[in-house]
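Peer 1: Got a predicted model here, sequence first, then my questions.
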Amino acid sequence: MIKLDIISGFLGSGKTTLIKKILDFYKHEKVVVIENEFGEIGIDASIIKKDGLDIIELQNGCICCSMKLNFKDTILKVVKEFNPDRIIIEPTGIAMLSEILSMINNDEIKSNFSINSLVTVVDAINYFDYRDNFGEFFEDQILNSKTLLLSKNQFLEDENRDNIVKSLKSLNQNVDIINKNWDDLLVEDLLVDNMKNNADEKYKKIKNYDLLSTNMKSISSVSISNFKINETQKIKEIFDDFSNGKYGKILRAKGFLNSVLDNTLEFNYVNGQYNIKESDIKTNSKICIIGSKLQKDKLKNIFK
Ligand SMILES: Nc1nc2c(ncn2[C@@H]2O[C@H](COP(=O)(O)OP(=O)(O)OP(=O)(O)O)[C@@H](O)[C@H]2O)c(=O)[nH]1
C-alpha cells in the first residue's frame, strides 16, 4: 500500500514548513509531493525542493477551480509514473478538505493507498479572525481532519492557546489536537490513529461552493514575476501598507526578491505579519498575493 499524507490548513498556516519537517523523517523512502497552489506562479516547490524528491505542481486560478481539481486522476498518474512509497499532498489554503476527501473516497484509491495522516495546520495567531471571517469554510478543514496541529503557538499566552483548543474541541470532539512546540514534534504525533478514528468514516460536507460566504468567494490572487524592487526597505514599506486595507484584505503574500546586494531574499506575509530572510534558493524575483476584494491593478502598479 502506498501511504498518503494530506496536509491541509488555511493560507499561510504553516503547511509547507510542516512538509519540509516531515520530509526529513521520510528521507529513506521514495516520496512524491503534490503541491496545489492557488496563485498562478508556484513558490512552495522551490522551498521544499531537494535531491531525490519529486514534486508535482498544480496551479489553480480560482477557488472554484481549486475545488473541482481532480486529485484522484493526478494521484493515480503519479503512482504510474513514479511508483512512490508515499505521496504527500498540500492542497491550497482555500481548498475544502471535504471536497478533497470526496475525490479520493473511491475503490481505486482505497485499494492502493492507506491514509497515513490527515492533518490540518491551525494558525494560532489568526485562529479567531479566520473563524469569524471564513467560518463555514474554516470549519470544513477542522471537521474533516484526524489531527489538528497548532502553529505559531509560541507567540501566544497559555490562556489564549487553551481558548483555541477549547474552541477546536467544540467543533470536533474526535480529533487529536497537538499543541506543542514544533521542535518537539514527532512524525508519530501526526499519524491517523485507526483505533480511535474510524478510517471509513464519512467526510463531513458542510457547504457547497454556491453557499460559501461572500468573503470566501471574493478571494483571488495576483502574481508578478521579475519585478524591479530590489531593496528590503522598499518591500517592508509595501508590506506595512498591505495591512491598511487600501489594496483589499490581503491574507497572504509570498515569494522571492533578488536584492541589490546580489543575494536572494525569501519573504512571507500572513494577515499583517511578515518576515524576510536570506535564502539559498536561486530564483528570479516573484510574488504571489492572495486576499479578498483585491485591488489588482493598484497592486501590479506598485511592483512596476
Ligand atoms: N514562528 C513560526 N512561524 C511559523 C510557524 N509555522 C509557519 N510559520 C511561518 O508562517 C509563514 C507561512 O508558512 P508556510 O509554511 O509557507 O505556510 P503555508 O500554509 O504553506 O502557506 P500557503 O501554502 O501559502 O497557504 C512562514 O513565514 C513560516 O516561517 C510556526 O510554528 N512558528
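Peer 2: That came through fine.
Peer 1: burial of residue 268, as a residue count?
Peer 2: By other Cβ atoms under 10 Å, 19 other residues sit near residue 268. Quick note: C-beta positions are derived from backbone N, CA and C, even for glycine.
Peer 1: Could you give the bridge partners of it?
Peer 2: The partner list for residue 268 in beta bridges (DSSP bridges) reads residue 254, residue 275.
Peer 1: do the same with residue 122
Peer 2: residue 150.
Peer 1: and if you look at residue 221?
Peer 2: Beta-bridge partners for residue 221, by DSSP bridges, are residue 290.
Peer 1: That one contacts residue 290, doesn't it?
Peer 2: Yes. Assessed by Cβ atoms under 8 Å, residue 221 is found in contact with residue 290 at 4.6 Å.
Peer 1: Now the common contact residues for the two.
Peer 2: 38, 39 (Cβ atoms under 8 Å, 6 or more residues apart in numbering).
Peer 1: any idea of the mean pLDDT in stretch 233-246?
Peer 2: For stretch 233-246, mean pLDDT is 94.
Peer 1: And stretch 255-274, by the same measure?
Peer 2: Stretch 255-274 carries an average pLDDT of 94.
Peer 1: So that stretch, near the ligand or not?
Peer 2: Yes. If you take Cβ under 6 Å from any ligand atom as the test, stretch 255-274 does meet the ligand, through 268, 270.
Peer 1: Lowest average confidence across helices and strands of the protein, where is it?
Peer 2: Counting by mean pLDDT, DSSP states H and E, the chain has its least confident helix or strand at helix 63-68, which shows a mean of 58.
Peer 1: Which of the residues in whichever helix or strand comes after that one are classified as buried?
Peer 2: Going down the chain from helix 63-68, the next helix or strand is helix 71-82, by DSSP states H and E. By neighbour count on 16 or more other Cβ atoms under 10 Å, the buried set for helix 71-82 is 71, 72, 74, 75, 78, 79.
Peer 1: what's the closest of those to residue 99?
Peer 2: Distance to residue 99 across the buried residues of helix 71-82 (Cβ to Cβ) is lowest for residue 71, with 9.0 Å.
Peer 1: My read is that that closest one contacts residue 101, right?
Peer 2: No. The criterion here is Cβ under 8 Å, and residue 71 misses it with residue 101 at 9.4 Å.
Peer 1: related to what we said a few turns ago, now the buried residues of helix 71-82 in JSON lines, with pLDDT and distance to residue 94?
Peer 2: Converted to JSON lines, the buried residues of helix 71-82 look like this (pLDDT from 0 to 100; distance: Cβ to Cβ, whole Å):
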{"residue": "71", "pLDDT": "77", "distance to residue 94": "15"}
{"residue": "72", "pLDDT": "81", "distance to residue 94": "20"}
{"residue": "74", "pLDDT": "85", "distance to residue 94": "18"}
{"residue": "75", "pLDDT": "88", "distance to residue 94": "20"}
{"residue": "78", "pLDDT": "92", "distance to residue 94": "23"}
{"residue": "79", "pLDDT": "93", "distance to residue 94": "26"}
